[in-house]
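In: Sequence and predicted structure below; questions after.
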Amino acid sequence: PDMNSEESIRSLAEYSLKVAAKVRFNESNAQSPSETPAFDLATDLLLACLNLYSEHPMNYDILEAKTKILTAYILAFSTFRDEDLKVLVMKTIEFVVTGVTGSNAMQPFSVLSETFVAICKALLKGGGVDDGMGSEDK
């Protein structure tokens, strides 16, 4: 999907909530604390990006324009079970909006606001997986 348009971000945020409701609250997917993976790709990838972002102020603009990594992490935020990963996503957002200058430095706020609106819509419609997500006609 094209993550440059506002409509696409909005539909991806709604889809992410639908997936989160299925993944996070499904009893069969529950993971005990002792079953944490030895290698956490999501955390390691975000740490590598944060290191790149901090090495030079233009790295964020270059990487985000080509890969949309931070945008994808924000959209998938509601699906993450690991609280440490959620904290790392928030710290990365904080670093970008306070430590990066450039035309795309405020883009995370746009994605965050679309995700927040999708959450509010789902809650106002009842928050169900099938009845409150992804349908503008209800």
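Out: Received, thanks.
In: Nearest the middle, which residue of the protein would you pick?
Out: Among the residues of the chain, the one closest to the centroid is Ile74, at 1.8 Å (C-alpha atoms, centre = their mean).
In: Apart from its neighbours in sequence, what residue is nearest it?
Out: Val111 (4.5 Å; C-beta to C-beta, 6 or more residues apart in numbering). Heads up, the C-betas are built off the backbone N, CA and C, glycines and all.
In: swap in Tyr73?
Out: Val89 (5.1 Å).
In: With just CA atoms, put the helix or strand harbouring that neighbour into CSV.
Out: Applying DSSP states H and E as the criterion places Val89 in helix 83-99. The C-alpha coordinates for helix 83-99 follow below in CSV (Å, rounded to 0.1, in the frame of the first residue of the first chain):
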residue,chain,number,x,y,z
GLU,A,83,5.9,-3.6,26.5
ASP,A,84,9.6,-2.9,25.9
LEU,A,85,9.0,-2.7,22.2
LYS,A,86,6.1,-0.3,22.7
VAL,A,87,8.4,1.9,24.9
LEU,A,88,11.1,1.8,22.2
VAL,A,89,8.6,2.8,19.5
MET,A,90,7.5,5.8,21.7
LYS,A,91,11.2,6.7,22.4
THR,A,92,11.9,6.6,18.7
ILE,A,93,9.0,8.9,18.0
GLU,A,94,10.1,11.2,20.7
PHE,A,95,13.7,11.3,19.3
VAL,A,96,12.4,12.0,15.7
VAL,A,97,10.0,14.8,16.7
THR,A,98,12.5,16.5,19.1
GLY,A,99,15.9,15.7,17.5
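In: Look up how far Phe80 lies from the residue nearest to the centre of the chain.
Out: Distance, Ile74 to Phe80, using C-beta to C-beta, to the nearest Å: 11 Å.
In: Spit out the residues that contact these two alike.
Out: Val89 (C-beta atoms under 8 Å, 6 or more residues apart in numbering).
In: List the buried residues in stretch 52-64.
Out: By neighbour count on 16 or more other C-beta atoms under 10 Å, the buried set for stretch 52-64 is 53, 59-61, 63-64.
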